[in-house]
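> Quick one: sequence and predicted model below, then my questions.
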Amino acid sequence: MISGIPASPGIVFGKALLFKEKKIKINLKKISKKNINIEIKKFFQAREKSKKQLKEIQHQAKKKFGKEKASIFDSHILILEDEELEKEIISLIKKKFITSDYAVEKIVQEQITSLEKLQDEYLKNRAIDIRDIGNRLLKNILNIPIIDLNNIQKKIILITKDLTPSQTAQMNFKKILGFITDLGGKTSHTSIMARSLEIPAIVGTGNITKKINNNDYIILNSINNEIIINPSKKQITQFKIIQEKNFKKQKKLISLKNIQAITKDGKKIKIGANIGNYADTIGSKKYGAECIGLYRTEFLFMGRNNFPSEEEQFLAYKKVAQKMNGKHIIIRTMDIGGDKNLSYMNFPKEENPFLGWRAIRVSIDKIKILHDQIKAILRASAFGKFKIMFPMIISIEEIHFLKNELQKIKKKLKKNKINFDEKIELGIMIETPSSAIISKYLAKEVDFFSIGTNDLTQYTLAVDRGNEIISDLYQPMSPAVLYLIKKVIKESHKKNKWTGICGELASNEQAISLLIGMGIDELSMSSISIPIIKNIIRKISFKKAKILAKKVLQKSTVSEIKTLLNKFNTEHHLL
Ligand code: PEP
Ligand code: MG
């Protein structure tokens, strides 16, 4: 039995698919004259195979995303069959007596280097396509199997070293029953996505890819953090019973979805869902969300080959607005960077991406992206109750700049007689120590705060949220983080503003009494957690929770804090 970090709850059974991409190793040896034709043939066969694969991917993309999006693969096939490219590769093999893989690598690299030098964004993006196609061609020449996570045909449990959020966004979860990774943390975006998708997952196991072989039968139980490889029949039967019990428990909780989150003494807490796309609004309804406390719009930008236009964004946001039917939606501008890259955007190679070009910094530098997005949100605000939120703020200067941009866009829309909610509220995420410390000043500038405890914890404690090696140090309930949370709530209330939490701490059952006692106004979480959190809140006395919070904030260690919370939670039968 192996364990890791439970990232998304559930129990599933199935065969393992080990997703281990073999490295491309170019054959640099010179070839003899008589082998020239063999190498040329290898190139043509690999090209044919690549074409077939691309056609199949295109076919799947058409079913999933429609004709227009799938047409991008036409240009990939055109690049693959480009006559110039073919001529150059063949002539290199003939003249230099090199292998077909070496020739492909050389020519593809030359093309990429010359495209990357250009200023034109479109041509720069073409370099990314050529790298992709070149890699496919090389793998086919070298007979390296290509596993396309989007195109898996049998039901499996995915075993892999790591998964990026954009890989996760493209995966076919009708076939992938769950996943287990070597790397990753509970608050990494891949784990957050797994919870929204209700896909059981355990991350950060360290070395699962070395312990499991392809086709091993696996039990993945992320409720109790256990992975069983090739279980006995008896074990399978036992786990099927546990799985059934779990389904029933879940069903019972869902039946409570419409209860209100009101403490015993009448304090109402707003309970929201965190979503990444329209599909997640279905989960938010199923589990009884009262609003959308965080719409991570960057997911609309991922798993594709170009930026969504203003119109496309408008339609996507409008659809969410209509589904939410007047309930508020806190829509966060694109938070890209860190662990979320876009294949079509040239991200610099950074030593510390989480401290680098991320979130609002990208939007401020690439102002057209921000303008398009704000325009789309404002237009959609005519169809529902949006509140705009900016991520990763660190200064008043940023807020001044952003408010000014927002004002300019509003003016333009007005001039063009385009409808939008003129009273749309503006908020910011408090997810850096800086913003928490200056929350007194920030509260004057905006209508609300939403504390992103995932990042606030990583930046306050200097502990990477996705690094399993230091996951023990990642403590959102450390006195330092709690001190900042309390400060932010207090400063917002002093200015008659409100504060929510949309980081994972909002659904931490152990912490709820404390957060209520600290005076939090809204909690937003993965939909699946909503019923259980509502249920806990209904058993809390606000008066007693306030006394608890006072005591907790006087403690100086995590263990003292957790002991106090456990005592309170047990005494009041909260968990
Ligand atoms: C957070 O940092 O807590 C947050 C909600 O934002 P994200 O997880 O998307 O970084
Ligand atoms: Mg964040």
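Received it, and whenever you're ready, just let me know what you need. Numbers count the residues shown, from 1 in each chain. Ligands and ions are numbered 1, 2, ... in the order given.
> Give me every residue in the stretch 251-400 of the chain lying close to ligand 2.
Residues of the stretch 251-400 of the chain that fall close to ligand 2, judged by Cβ under 5 Å from the ion: none. Heads up, the C-betas are built off the backbone N, CA and C, glycines and all.
> Strands of the stretch 251-400 of the chain, residue ranges please.
Here the stretch 251-400 of the chain has its strands, by DSSP state E, counting those that start in this stretch, at 270-275, 291-296, 329-332, 386-390.
> got these as JSON lines, with distance to Ile537, mean neighbour count and mean pLDDT columns?
Formatted as JSON lines, these follow (distance: least, Cβ to Cβ, whole Å; neighbours: other Cβ atoms under 10 Å; pLDDT from 0 to 100):
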{"stretch": "strand 270-275", "distance to Ile537": "8", "mean neighbour count": "27", "mean pLDDT": "98"}
{"stretch": "strand 291-296", "distance to Ile537": "15", "mean neighbour count": "27", "mean pLDDT": "98"}
{"stretch": "strand 329-332", "distance to Ile537": "20", "mean neighbour count": "26", "mean pLDDT": "98"}
{"stretch": "strand 386-390", "distance to Ile537": "22", "mean neighbour count": "24", "mean pLDDT": "98"}
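> Make CSV from the ones you listed and add distance to Leu342 to it.
Listed next are the strands of the stretch 251-400 of the chain as CSV, based on distance: least, Cβ to Cβ, whole Å:
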stretch, distance to Leu342
strand 270-275, 19
strand 291-296, 14
strand 329-332, 16
strand 386-390, 19
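> for the ones you listed, which one sits closest to ligand 1?
strand 291-296 (5.3 Å; Cβ to the nearest ligand atom).
> got the contact list for the closest one?
Strand 291-296 has contacts (Cβ atoms under 8 Å, 6 or more residues apart in numbering) with 270-276, 281, 284, 320, 324, 327-332, 335, 389, 450, 500, 502, 506, 522-525.
> which among the residues you listed are in contact with ligand 1?
Among those, proximity to ligand 1 is found for 335, 502 (Cβ under 6 Å from any ligand atom).
> how about the closest residue to Val203 other than its chain neighbours, what does it touch?
Nearest-residue entry for Val203: Gly184, 3.5 Å, with adjacent residues in sequence omitted and distances by Cβ to Cβ, 6 or more residues apart in numbering. Contacts for Gly184 (Cβ under 8 Å, 6+ apart) come out as 5, 7, 162-163, 190-191, 203-204, 466, 468.
> Give me the pLDDT value at Gly184.
Each residue has a pLDDT score; the one for Gly184 is 91.
> sec struct for it, please.
coil (DSSP: H, G, I helix; E, B strand; the rest coil).
> ranges for the helices of the stretch 451-575 of the chain?
453-461, 479-494, 512-517, 530-537, 542-552, 558-571 (DSSP state H, counting those that start in this stretch).
> Could you report the pLDDT at the residue nearest the centre of the chain?
Most central in the chain under Cα atoms, centre = their mean is His189, positioned 3.5 Å from the mean C-alpha point. pLDDT, His189: 86.
> wait, isn't it in contact with Gly337?
No - using Cβ atoms under 8 Å, His189 makes no contact with Gly337, being 11.3 Å away.
> Nearest to Asn306, out of the strands of the stretch 251-400 of the chain?
Of all those, it is strand 291-296 that lies closest to Asn306, at 19.5 Å by Cβ to Cβ.
> tilt between that closest one and strand 386-390?
40 degrees (axes from the mean of the first three to the mean of the last three Cα atoms, to 10 degrees).
> Next, the angle strand 270-275 makes with strand 291-296.
For strand 291-296 against strand 270-275, the angle between stretch directions is 30 degrees (the same axes, to 10 degrees).
> is strand 291-296 up against ligand 1 anywhere?
Yes - residues of strand 291-296 are located near ligand 1 by Cβ under 6 Å from any ligand atom, namely 294, 296.
> Okay, buried residues for the one helix or strand in the chain whose mean pLDDT sits lowest please.
Lowest by mean pLDDT, DSSP states H and E among the helices and strands of the chain is helix 67-70, with a mean of 72. Neighbour-count burial for helix 67-70, counted by 16 or more other Cβ atoms under 10 Å, picks out Ala70.
> Stretch 110-123 too?
Applying 16+ other Cβ under 10 Å to stretch 110-123 flags 111-112, 115 as buried.
> List the residues that contact Glu522.
Counting by Cβ under 8 Å, 6+ apart, Glu522 has contacts 269-272, 291, 293, 450, 498-501.
> how's the protein carved up into domains?
For the chain, the structural domains run 5-21+151-242, 33-141, 258-453+498-548, going by automatic domain parsing.
> what's the straight distance from one end of the second one to the other?
Pointing back at domain 33-141 there. Start and end residues of domain 33-141 are separated by 19 Å (Cα to Cα, to the nearest Å).
> same check, this time on the longest one
From the first residue to the last, domain 258-453+498-548 extends over 28 Å; the measure is Cα to Cα.
> so Asn454 touches Ala506, yeah?
No - counting by Cβ under 8 Å, Asn454 sits too far from Ala506 to count as a contact (10.1 Å).
> Comparing these two, which residue is more hemmed in?
A count of neighbours by other Cβ atoms under 10 Å puts Ala506 above the other of Asn454 and Ala506, at 27 against 24.
> Could you report the distance from that one to Glu198?
The gap separating Ala506 from Glu198 is 18 Å, by Cβ to Cβ, to the nearest Å.
> Same question for Arg296.
In terms of Cβ to Cβ, Arg296 sits 17 Å off from Glu198.
> swap in Pro353?
With distances taken as Cβ to Cβ, Pro353 is found 28 Å from Glu198.
> Please state the backbone phi and psi of Ser50?
Main-chain dihedrals, Ser50, degrees, to the nearest 10: phi -60, psi -40.
> In contact with the residue lying closest to it once chain neighbours are set aside: list those residues for me.
Excluding the flanking residues, the one nearest Ser50 by Cβ to Cβ, 6+ apart is Arg136, at 4.9 Å. Contacts for Arg136 were tallied using Cβ under 8 Å, 6+ apart; they are 50, 53-54, 146.
> Show me what the mean pLDDT comes to for the host helix or strand of Arg136.
Using DSSP states H and E, Arg136 sits within helix 121-141. On average, the pLDDT along helix 121-141 is 83.
> And what about Pro6, helix, strand or coil?
strand.
> cool, His59 as well?
helix.
> residues near it, how many?
Neighbours of His59 using other Cβ under 10 Å come to 13.
> How far does the strand ranked longest in the chain sit from its chain's centre?
Looking across the chain with DSSP state E, the single longest strand is strand 11-19. Centre-to-centre, strand 11-19 and its host chain are 22 Å apart (Cα atoms, centre = their mean, to the nearest Å).
> same for that strand, what does it pack against?
With contacts taken as 3 or more Cβ pairs under 8 Å, 6 or more residues apart in numbering; DSSP states H and E, strand 11-19 sits against strand 156-160, strand 176-181, strand 217-221, helix 233-255.
> again, only this time at 6 Å
strand 156-160, strand 176-181, strand 217-221 (3 or more Cβ pairs under 6 Å, 6 or more residues apart in numbering; DSSP states H and E).
> which residues does Ile336 contact?
298, 342, 362 (Cβ atoms under 6 Å, 6 or more residues apart in numbering).
> could these go into TSV alongside neighbour count, pLDDT and distance to Gln119?
TSV is the format used below for the contacts of Ile336 (neighbours: other Cβ atoms under 10 Å; pLDDT from 0 to 100; distance: Cβ to Cβ, whole Å):
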residue	neighbour count	pLDDT	distance to Gln119
Glu298	23	95	26
Leu342	21	88	19
Val362	23	97	19
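> ok, and the closest non-adjacent residue to Ile547?
Counting by Cβ to Cβ, 6+ apart, the residue nearest Ile547 is Gly517, at 7.3 Å.
> typo on my end, Glu522
In space, Glu522 comes closest to Gly500 once its chain neighbours are excluded; the distance is 3.2 Å by Cβ to Cβ, 6+ apart.
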